[in-house]
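Asks: can you look at this prediction? I've put the sequence above it.
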Amino acid sequence: MRIITGTAKGKPLISLSGKDTRPTGDKIKESIFSVIQFEVADSVVLDLFAGSGQLGIEALSRGAKKAYFADINAKAVEIVKANLEYTQLEENARVDKLPYNAFLRLCKDCFDIAFLDPPYERGLIEKALPLVIPKMNQNSVIICEHEKRLQLPETIGDFTIVKTYEHGSIAVTIMRNNQ
């Protein structure tokens, strides 16, 4: 697992071990960032269910203005902080050890890009999406990484699915509110 491009290009990241955390593979990460490549610079990013923080850190490396990382797991929070320090991107980051719903309730900022990659088979994306949507700016994007068999609703609030990519047993769903 490494940073693909930007100021921290090529730097390896550490990841949390165990069954609850599956780092996003480089091919999937490359496909995600090819979709949003022109939206990352100067954006405010949310990496919810952060794990290692690699998606938010990739966004920072590519010029995001600020990234928020939230995870309930204390070890994951430590790893995100270590990865930010190693990549020298901690200045524009905020890391919180909170459940997703508490973080979204307490955070006063809004986001241009949100990454949701929770543990699978727990219904967390379905619970988190309605709470994330009010925190999104106009012309923003929500990227959900989930198990392939999960079918998200075509429309949630002002957001509509624009594309779902399948990578083996994993799917990435892109939602936009282009209003």
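Replies: Great, that's in hand. Numbering: from 1, shown residues only.

Asks: what ranges does this structure have for its strands?
Replies: Taking DSSP state E, the strands of the chain run over residues 44-48, 66-71, 93-97, 111-116, 136-147, 155-156, 159-167, 170-176.

Asks: what about residue 170, how many neighbours?
Replies: For residue 170, the number of neighbouring residues by other Cβ atoms under 10 Å comes to 17. Every C-beta, even on glycine, is put in place using the N, C-alpha and C of the backbone.

Asks: go ahead and confirm it touches residue 150.
Replies: No: using Cβ atoms under 8 Å, residue 170 is not in contact with residue 150; the gap is 10.2 Å.

Asks: and the residue nearest the centre of the chain?
Replies: residue 115 (2.3 Å; Cα atoms, centre = their mean).

Asks: from residue 175, how far off is that one?
Replies: Distance, residue 115 to residue 175, by Cβ to Cβ, to the nearest Å: 12 Å.

Asks: distance between the lengthiest helix in the chain and the chain's centre?
Replies: Counting by DSSP state H, the longest helix found in the chain is helix 74-87. Centroid separation for helix 74-87 versus its chain: 15 Å, with Cα atoms, centre = their mean, to the nearest Å.

Asks: that one to strand 93-97, inter-axis angle?
Replies: 170 degrees (axes from the mean of the first three to the mean of the last three Cα atoms, to 10 degrees).

Asks: contacts for helix 74-87, please.
Replies: 3, 7-8, 11, 13-16, 21, 50-54, 56-57, 60-61, 69, 71, 90, 93, 95-97 (Cβ atoms under 8 Å, 6 or more residues apart in numbering).

Asks: buried ones among these?
Replies: With burial judged by 16 or more other Cβ atoms under 10 Å, the buried subset of the contacts of helix 74-87 is 3, 8, 11, 13-16, 21, 50-54, 56-57, 60-61, 69, 71, 90, 93, 95-97.

Asks: picking up where we left off before, and the residue nearest to the centre of the chain, what are its bridge partners?
Replies: Counting by DSSP bridges, residue 115 is bridged to residue 47, residue 143.

Asks: check the gap between residue 121 and residue 147 for me.
Replies: From residue 121 across to residue 147, the span is 7 Å (Cβ to Cβ).

Asks: could you do residue 106 as well?
Replies: Note on residue 106: its distance to residue 147, by Cβ to Cβ, is 29 Å.

Asks: ok, residue 132 next?
Replies: Distance of residue 132 to residue 147, given as Cβ to Cβ: 19 Å.

Asks: my guess is residue 174 contacts residue 143. True?
Replies: Yes: using Cβ under 8 Å, residue 174 makes contact with residue 143 at a distance of 5.8 Å.
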